[in-house]
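K.L.:
Okay, predicted coordinates and the sequence, questions at the end:
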Amino acid sequence: MNNKISVLGEGYAREWESSGWEASSSVTLIQTTKFNIICDPGPNTNFLDAKLQEFDLRCGDINWVFLTHMHFDHCNQMARCCRRRVLVGRG
């Protein structure tokens with residue numbers, strides 16, 4: 001297999017009419033000949049599981065988690081991959 005980058009979902013931020021915000025990060029899968037890397041796994045368990053299944057993967061198949069920063073919409077699913085190596089960007 002060649003190295004492959006797949007955007008599993010595009011991020012968004014929406015302001016609610018009443019008050020507050022809803023947001024989700026872009027979720028990216030990076031596959032190399034040795035590793036499966038997820039970048040910003042996002043806040044939604046069902047979404048992540050379904051998208052990984054499309055690549056015949058589960059969370060347990062992820063070797064590395066890369067977080068661009070520690071906002072909830074980027075890192076909530078990190079706990080599911082807590083036995084993996086985690087890289088966190090500054091800021």
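P.N.:
Good, I have the coordinates.

K.L.:
Quick check: residue 47 is in a strand.
P.N.:
No. Using DSSP: H, G, I helix; E, B strand; the rest coil, the assignment for residue 47 is helix, not a strand.

K.L.:
so where is this structure shaky, pLDDT-wise?
P.N.:
69-84, 86-91 (pLDDT under 70).

K.L.:
now the spatially most central residue of it: how far from residue 16?
P.N.:
The centroid of the chain falls nearest to residue 41 when counting by C-alpha atoms, centre = their mean (1.6 Å). To residue 16, residue 41 is 24 Å away according to C-beta to C-beta, to the nearest Å. The C-beta positions use only the backbone N, C-alpha and C, and glycine is treated the same way.

K.L.:
swap in residue 65?
P.N.:
29 Å.

K.L.:
how many other residues sit next to residue 46?
P.N.:
Neighbour count for residue 46, taken as other C-beta atoms under 10 Å: 7.

K.L.:
any idea how far it lies from residue 35?
P.N.:
25 Å.
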